[in-house]
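Chemist: Everything below, folded, please.
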Amino acid sequence: MTEKQIDQILKELICTDIIEASQIPDIPLYMDQVTTFVEDHLSSLKRNENDKILTKTMINNYTKFGLINPPIKKKYDKNSIIKLILIYYFKNIISINDIKEILTGFEEDKNQFYYDFFTKLQQYDNEDMLKSLSAEADRLFDEDTDEKTGCLFIALMLINQANIRKQAAERLIDKYLSDGDNDGKKKADKKN
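Modeler: As a prediction, the model looks like this:
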């Protein structure tokens with residue numbers, strides 16, 4: 001597998017759809033408008049074409065669980081949309097209880113500040129990830145490695161890195177962000 005093939009595969013994998021805070025409407029949106037907005041901006045992140053980024057049921061559940069504020073006159077403000085986007089990114093990595101711990105740590109008037117920080121991290125991490133994975137892939141296999149095996153090696157490497165980072169995030173949440181009821185929270189997470 002050549003360096004050019006590796007770079008092409010990695011470029012396809014790296015997330016490039018980032019919703020800047022300035023792209024999020026300042027006016028409140030109805031639920032259908034919110035789901036359409038998020039689908040339009042993050043559709044390239046879907047694994048399968050039929051997958052949904054955000055549904056009405058998800059929004060209702062996130063509201064009931066206290067992750068976002070209830071709508072006012074059936075409309076969601078910019079802060080709620082910001083949190084919904086963050087929940088989308090977080091939910092595949094950490095539990096809903098951990099997401100709540102993180103979002104509870106947000107000061108309501110600083111949601112956009114935290115969101116801007118997150119989008120900057122995305123941009124930097126995407127660039128760094130591409131460089132790092134390319135270097136690691138070059139180190140792990142040579143030109144004789146076929147494309148399927150190379151992709152398998154990259155997948156294994158990414159799984160390992162994701163697992164390490166997930167555990168590190170959970171430990172930070174438990175140690176510095178949780179309300180102190182970690183045993184009860186862990187038991188509840190295991191049931192879900």
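
Chemist: so what's Ile72 bridging to?
Modeler: Beta-bridge partners of Ile72, counted by DSSP bridges, are Lys75.

Chemist: So for it, what's the pLDDT?
Modeler: pLDDT recorded at Ile72 is 97.

Chemist: State the distance from it to Lys131.
Modeler: Distance, Ile72 to Lys131, using CB to CB, to the nearest Å: 44 Å. No exception for glycine: its C-beta is placed from N, CA and C like everyone else's.

Chemist: Ile9 too?
Modeler: Separation of Ile9 from Lys131 (CB to CB) stands at 14 Å.

Chemist: The two: which is more packed in?
Modeler: Each of Ile9 and Lys131 has its neighbours counted (other CB atoms under 10 Å); Ile9 has more, 17 against 10.

Chemist: helices or strands up against the one helix or strand that one maps to?
Modeler: With secondary structure defined by DSSP states H and E, Ile9 is part of helix 3-13. Under the contact criterion of 3 or more CB pairs under 8 Å, 6 or more residues apart in numbering; DSSP states H and E, helix 3-13 touches helix 111-140, helix 147-172.

Chemist: between the ones you listed, which gets nearest to Phe37?
Modeler: helix 111-140 (14.6 Å; CB to CB).

Chemist: any chance you could read off phi and psi for the most far-flung residue of the chain relative to its centre?
Modeler: No residue in the chain sits farther from the centre than Asp144, which is 34.8 Å out by CA atoms, centre = their mean. The phi/psi pair for Asp144 (degrees, to the nearest 10) reads phi -80, psi -10.

Chemist: Distance of it relative to Leu156?
Modeler: Distance from Asp144 to Leu156, by CB to CB: 18 Å.

Chemist: Sketch out the low-pLDDT regions of the protein for me.
Modeler: Applying pLDDT under 70 to the chain flags the ranges 1-3, 13, 15-16, 180-192.

Chemist: what's the following helix or strand after the helix holding Ile9?
Modeler: strand 29-30.

Chemist: Direction included, what does that following strand pair up with?
Modeler: The pairing partners recorded for strand 29-30 under DSSP bridges are strand 75-76 (antiparallel).

Chemist: Which elements pack onto the very next helix or strand once past the strand it pairs with?
Modeler: Sequence-wise, the next helix or strand downstream of strand 75-76 (DSSP H and E) is helix 78-90. Using 3+ CB pairs under 8 Å, 6+ apart, the elements in contact with helix 78-90 are helix 31-42, helix 56-64, helix 96-104, helix 111-140.

Chemist: Distance from the chain centre to the third one, please.
Modeler: Translated: helix 96-104. 13 Å (CA atoms, centre = their mean, to the nearest Å).

Chemist: That helix - contacts with which helices or strands?
Modeler: Here helix 96-104 touches helix 78-90, helix 182-191, going by 3+ CB pairs under 8 Å, 6+ apart.
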